[in-house]
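Colleague: make a model of this:
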Amino acid sequence: GSRIITLQLFSIYSFTMAEEVKDVVLHVYRIAPSDEGTNSFVSRFLPAIGFGAYHTSLEVDGYRYSFAANAGITKTLSRNEGVPLGAAFEESIFLGGFQFNRGEINGILKKLEKFFGATSYHLVHRNCNHFTETFATTLIIPDRLLENKKQKERLKSYPDYINRLANTCKLGISHDNDIVPCQIWEEARSALAADEKVGWNFTAEGTKKDVSKSKKKGNEKKQLSEKQKAILNKIRAAKK
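Modeller: Predicted structure coming up:
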């Protein structure tokens with residue numbers, strides 16, 4: 001099983017966290033309309049020139065998360081998710097690893113809900129792929145999100161082709177005033193409460209470890225870095 005450590009915050013609160021590095025997997029579905037003519041154009045011609053239309057969900061700790069119009073962020077057990085209506089399974093892609101526990105994941109999603117609500121969906125400016133990339137970015141590279149407020153970078157493991165059609169069209173397609181175009185880096189930082197000034201003082205000592213890497217082999221003892229301690233404390237403080 002995974003190792004458990006207890007962290008002391010201000011010598012008042014104690015939290016327990018499983019240190020196992022878990023996978024983040026992107027499930028990709030190619031949009032395949034039922035109309036034969038439309039289907040041929042959307043699912044064959046567009047992908048052939050690098051502009052396919054895709055739906056995605058993100059698998060995290062036994063659940064799959066997605067974003068849809070009139071529904072917002074949805075959550076289903078991984079084993080229960082079927083192929084979305086009007087789509088065909090394309091591939092599953094390992095994006096990286098994370099160390100947040102279930103409660104912390106729920107806290108991140110709670111903050112993301114203000115950006116990905118039931119009425120905030122837009123096919124070009126805020127779609128399911130914007131959500132999965134934002135959520136994955138938050139989970140996999142939290143240290144870089146906290147360090148860099150203005151330096152925007154993409155999660156390198158998230159494929160460019162997934163949302164290329166929307167990113168290309170957004171310059172020529174307007175949106176209603178109540179639709180805010182997705183800003184992945186800023187929204188991922190907000191999900192971590194990156195700009196909230198919270199003090200911390202953990203008793204556990206540790207060395208730097210990259211959470212973007214997959215599970216380590218062997219039984220060597222794993223410890224949290226100071227950056228990871230800071231991230232966890234910010235999220236917990238924001239949930240109060």
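Colleague: strands of the chain, start to end?
Modeller: 4-9, 13-18, 22-31, 54-60, 63-68, 72-77, 87-98 (DSSP state E).
Colleague: just send those strands back as CSV, with mean neighbour count, mean pLDDT and distance to residue 195 too.
Modeller: For the C-beta atoms, the positions are set from N, CA and C on the backbone; glycine is no exception. Shown next, in CSV, are the strands of the chain (neighbours: other CB atoms under 10 Å; pLDDT from 0 to 100; distance: least, CB to CB, whole Å):
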stretch, mean neighbour count, mean pLDDT, distance to residue 195
strand 4-9, 14, 36, 20
strand 13-18, 14, 38, 22
strand 22-31, 20, 95, 24
strand 54-60, 24, 96, 24
strand 63-68, 22, 96, 24
strand 72-77, 14, 96, 22
strand 87-98, 16, 94, 21
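Colleague: possible to save these as TSV with distance to residue 194?
Modeller: Formatted as TSV, the strands of the chain follow (distance: least, CB to CB, whole Å):
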stretch	distance to residue 194
strand 4-9	18
strand 13-18	19
strand 22-31	19
strand 54-60	20
strand 63-68	21
strand 72-77	20
strand 87-98	16
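Colleague: mind checking how far residue 152 is from residue 164?
Modeller: As for residue 152, its distance to residue 164 is 18 Å (criterion: CB to CB, to the nearest Å).
Colleague: more neighbours: those two, which one.
Modeller: Using other CB atoms under 10 Å as the criterion, residue 152 and residue 164 rank with residue 164 on top: 17 against 11.
Colleague: give the residue spans of the protein that score low on pLDDT.
Modeller: 1-19, 33-51, 172, 175-177, 197-225, 227-232, 234-240 (pLDDT under 70).
Colleague: please repeat the previous calculation with a cut-off of 50.
Modeller: Along the chain, segments meeting pLDDT under 50 span 1-18, 37-42, 45, 49, 197-222.
Colleague: mind listing the helices for it?
Modeller: Per DSSP state H, the chain carries helices over the ranges 36-40, 46-48, 102-112, 128-140, 142-147, 164-169, 184-191, 226-239.
Colleague: show me what the third one is packed against.
Modeller: Here helix 102-112 touches strand 72-77, helix 128-140, helix 184-191, helix 226-239, going by 3 or more CB pairs under 8 Å, 6 or more residues apart in numbering; DSSP states H and E.
Colleague: residue 171: which of those is closest?
Modeller: helix 128-140 (15.5 Å; CB to CB).
Colleague: convert the C-alpha atoms of the closest one to PDB, please.
Modeller: C-alpha atoms of helix 128-140 as PDB (Å, rounded to 0.1, in the frame of the first residue of the first chain):
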ATOM      1  CA  CYS A 128     -14.800  20.100 -22.600                       C
ATOM      2  CA  ASN A 129     -11.200  20.100 -23.800                       C
ATOM      3  CA  HIS A 130     -10.500  23.400 -22.100                       C
ATOM      4  CA  PHE A 131     -11.800  21.800 -18.900                       C
ATOM      5  CA  THR A 132      -9.700  18.600 -19.100                       C
ATOM      6  CA  GLU A 133      -6.500  20.600 -20.000                       C
ATOM      7  CA  THR A 134      -7.100  23.000 -17.100                       C
ATOM      8  CA  PHE A 135      -7.900  20.300 -14.600                       C
ATOM      9  CA  ALA A 136      -4.900  18.200 -15.700                       C
ATOM     10  CA  THR A 137      -2.600  21.200 -15.500                       C
ATOM     11  CA  THR A 138      -3.700  21.900 -12.000                       C
ATOM     12  CA  LEU A 139      -3.000  18.300 -10.900                       C
ATOM     13  CA  ILE A 140       0.200  17.600 -12.700                       C
END
